[in-house]
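Novice: I would like the atomic coordinates for the input below:
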Amino acid sequence: MHKMLGRPLSEALQCLPEGAKRPRVVETAAPARNGQARQEGTLRVMACREDEWIVARFADRQPRETEEA
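Specialist: Numbers count the residues shown, from 1 in each chain. The predicted structure is shown next:
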């Protein structure tokens with residue numbers, strides 16, 4: 001099986017062998033400032049345990065540029 005950690009969930013699922021049982025997906029995330037679960041960002045695979053994958057949301061954007069002194 002291909003390495004799944006860090007991959008977007010949709011990409012990781014597509015890499016499963018044909019006929020393989022789809023793993024149970026558990027989403028985890030720190031709450032947003034308003035206390036609600038985050039809805040934006042890319043779900044990425046953080047851990048794989050037997051038939052369970054743990055995923056978390058990441059804001060995929062360019063890093064901020066640092067100011068030159």
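Novice: which residue comes closest to residue 16 once chain neighbours are left out?
Specialist: residue 22 (7.0 Å; CB to CB, 6 or more residues apart in numbering). In short, each C-beta sits where N, CA and C put it, glycine included.
Novice: I figured the one you found hits residue 13, correct?
Specialist: Yes - at 7.0 Å, residue 22 counts as touching residue 13 under the criterion of CB atoms under 8 Å.
Novice: the two - which one has more neighbours?
Specialist: Using other CB atoms under 10 Å as the criterion, residue 22 and residue 13 rank with residue 13 on top: 16 against 9.
Novice: now that one, what's its secondary structure?
Specialist: For residue 13, the assignment made with DSSP: H, G, I helix; E, B strand; the rest coil gives helix.
Novice: any weak-confidence spans in the chain?
Specialist: 1-2, 61-69 (pLDDT under 70).
Novice: do that again at 80, thanks
Specialist: 1-2, 29-40, 59-69 (pLDDT under 80).
Novice: in it, which spans are strands?
Specialist: For the chain, the strands defined by DSSP state E cover 24-28, 42-49, 52-58.
Novice: which of those strands sits most buried?
Specialist: strand 52-58 (a mean of 17; mean count of other CB atoms under 10 Å).
Novice: that one pairs with which strands?
Specialist: When pairing is defined by DSSP bridges, strand 52-58 lines up against strand 24-28 (parallel), strand 42-49 (antiparallel).
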